[in-house]
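Asker: Give me a 3D structure for the following:
(one chain, ligands or ions: 1)
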Amino acid sequence: MNPSRPFVYPDAHSPLACDGVGLDILAKRYGTPLYVYSAQQILYRLQLFTKAFQTVPHLVCYAVKANSSLAILKLLAEQGAGFDIVSGGELERVLRVSKEAAGRTVFSGVGKTAAEIDLALRSGIFMFNVESAGELDLLAARASRLRIRARVAMRVNPDVFAETHPYISTGLREHKFGIDIREARRVYLSAAKQKYLLPHGVSVHIGSQIRSADPFGAAAHRIAQLVLELRSDGLPIRAVDVGGGLGIEYHAGQSFDPKQKIHQYALALLQALRPLKDVQLLLEPGRFIVAQAGALLTRVLYRKKNGKKTFVITDAAMNDLIRPALYQAHHEILPVFPHKDARKRTVDVVGPVCETGDFFARDRKLQEVQPGDLLAILDAGAYGFSLSSNYNSRPRAAEVLVEDKKHRLIRRRETVEELMAAELP
Ligand code: LLP
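Answerer: Next comes the predicted model:
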């Protein structure tokens, strides 16, 4: 078995399976649209990080936003992973699966509220990644009011270009994220004057789905310089949080070896951080851990032709997986039952939502499919369910975890009653 590909056809005559469990069986048991995840793949990816950075003290803080399912958080917490959160809601999720994991949690985000800060202080999180001088003031006020000492890192904006989709690039001065690296020293010195703040780290995150190691190395290099300056100012900086962002390959044809990828990434980071002694490295991967561990399983409802185009209409839609609509993202689509001799057709795979942007693939060559057939949309484990919505009053999909050849529902399908439950007509 190839440990980096959980969704494969076991042999030429079998349906597509997740770690040996046929997706047809899962569709029959739980219905569609259905998110299916491989526990084994998630743990394998976590372990790749641990191994690649084993020569330095480090903590993997999984970025909860990529997939915040409680079952997945629990799986990771049990392995000792930490978490990167960006809201009080994400912190509540971490606390729900493990109270002690709060001590391995970093809090990022440009708009933390007083209530969220209080919750994080009371929960004893590891560190706040502060994104502005205003936030630092609020944190200082809340911490002294609660008499709880907070470790802080400034998230600096290193002005490094990361080649990725503009919506998910964050490390340039023109972006809303972080504190300008040229201003950072001043902000640290003001933090150091606060009784309840402990300047402990420096953090950076330059964007997401970055496939080259170079921008990570460039950002880490700038961070290392800053740490040296801060230490010379007398600040006890002990942690460097390099954020997340390591990309995967969404196109089937392009070879992708996660081990090799992490190796290059680790090399770039460790080389840049070499001048620093006595430092703990924090990593915030999201996509790299869960994307390829998940697929969205959907059933074909109709096939129709409009002019020259053929549309395959599925029961999943942009509300279930918005990445193609939002970022023009490519996701491979495989028929659950492959037919060696089936004709290939160029089709658009679309959902039932009333928007032209509701598509999973355009002008894609696929095996000819009929209503009732099952399709698997691959690499959907990250920013799939977590970005899903109830647009068009569609209940969100169910989720299933495959673990040791067994499968279990980790989130049941939402009902329309639940969608209306909070409303006051
Ligand atoms: N740390 C911080 C501070 C972040 O903002 C993010 C992602 C991560 C870590 C994790 O990045 P990752 O390792 O997953 O690339 N919805 C978009 C991606 C948005 C990423 C937002 N921040 C997508 O579907 O491509």
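Asker: ok, which stretches of the stretch 151-300 of the chain are strands?
Answerer: 179-180, 197-203, 239-241, 280-283, 294-306 (DSSP state E, counting those that start in this stretch).
Asker: Please list the residues of the stretch 251-400 of the chain that sit near the ligand.
Answerer: For the stretch 251-400 of the chain, the contact set with the ligand under CB under 6 Å from any ligand atom comprises 284, 285, 286, 287, 288, 323, 327, 382, 383, 387. For every residue, glycine as well, the C-beta is placed using N, CA and C.
Asker: let's see 5 Å
Answerer: Neighbours of the ligand within the stretch 251-400 of the chain, by CB under 5 Å from any ligand atom: 284, 285, 286, 287, 323, 383.
Asker: Now do the second one: how many residues are near it, please.
Answerer: This means residue 285. By other CB atoms under 10 Å, 26 other residues sit near residue 285.
Asker: Does it touch residue 241 like I think?
Answerer: No. With contact defined as CB atoms under 8 Å, residue 285 does not count as touching residue 241 (11.9 Å).
Asker: so what sits against both of those two?
Answerer: Common neighbours of residue 285 and residue 241 are not found (criterion: CB atoms under 8 Å, 6 or more residues apart in numbering).
Asker: Name the stretch among the strands of the stretch 151-300 of the chain that sits most buried.
Answerer: strand 239-241 (a mean of 25; mean count of other CB atoms under 10 Å).
Asker: contact partners of stretch 396-411?
Answerer: 6, 18-21, 26, 29-40, 69-72, 75, 296, 316, 319-320, 385, 388-390, 412-414.
Asker: Next step: those residues restricted to strands.
Answerer: Under the assignment DSSP state E, the contacts of stretch 396-411 contribute 18, 21, 34, 35, 36, 37, 38, 296 to strands.
Asker: Most neighbours out of the residues you listed, which is it?
Answerer: residue 37 (30 neighbours).
Asker: now, the most widely separated pair of the ones in strands among the contacts of stretch 396-411?
Answerer: 21 and 296 (15.9 Å; CB to CB).
Asker: ok, back up a step: can you lay out the strands of the stretch 151-300 of the chain as a markdown table showing distance to residue 336 and mean pLDDT?
Answerer: Below are these laid out as a markdown table (distance: least, CB to CB, whole Å; pLDDT from 0 to 100):
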| stretch | distance to residue 336 | mean pLDDT |
| --- | --- | --- |
| strand 179-180 | 49 | 88 |
| strand 197-203 | 42 | 98 |
| strand 239-241 | 41 | 98 |
| strand 280-283 | 35 | 98 |
| strand 294-306 | 7 | 97 |
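Asker: Kindly reformat those as CSV containing distance to residue 261.
Answerer: What follows is these, written out as CSV (distance: least, CB to CB, whole Å):
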stretch, distance to residue 261
strand 179-180, 30
strand 197-203, 22
strand 239-241, 20
strand 280-283, 14
strand 294-306, 18
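Asker: returning to what we had before: taking the residues of the stretch 251-400 of the chain next to the ligand together, which two end up most distant?
Answerer: The most distant members of those, if one measures by CB to CB, are 284 and 323, lying 19.7 Å apart.
Asker: which one of those two has more residues nearby?
Answerer: Using other CB under 10 Å as the criterion, residue 284 and residue 323 rank with residue 284 on top: 28 against 23.
Asker: which residues does the more buried one contact?
Answerer: 61, 62, 63, 84, 106, 108, 205, 241, 242, 243, 244.
Asker: Pick the one among those residues closest to residue 420.
Answerer: Using CB to CB, these come closest to residue 420 at residue 63, 31.6 Å.
Asker: Look up which residues are beta-bridged to the closest residue to residue 261 other than its chain neighbours.
Answerer: Nearest non-adjacent residue to residue 261, counting by CB to CB, 6 or more residues apart in numbering: residue 246, 6.9 Å away. On the basis of DSSP bridges, residue 246 is bridged to residue 210.
Asker: What is the neighbour count of residue 246?
Answerer: Neighbour tally, residue 246, other CB under 10 Å: 26.
Asker: Might one say that it is in contact with residue 285?
Answerer: Yes. Contact criterion CB under 8 Å: residue 246 and residue 285 qualify, at 5.8 Å.
Asker: Show me what from the stretch 101-250 of the chain comes close to the ligand.
Answerer: So far as CB under 5 Å from any ligand atom goes, the stretch 101-250 of the chain lies against the ligand at 108, 168, 205, 208, 243, 244, 245.
Asker: Quick one, which of those has the minimum pLDDT?
Answerer: Across these, the smallest pLDDT goes to residue 168, namely 72.
Asker: mind listing what it touches?
Answerer: 207, 208, 209, 327.
Asker: Pick the one among these closest to residue 182.
Answerer: For the contacts of residue 168, the nearest to residue 182 is residue 207 (19.9 Å; CB to CB).
Asker: For residue 323, see how far away residue 211 is.
Answerer: 16 Å (CB to CB, to the nearest Å).
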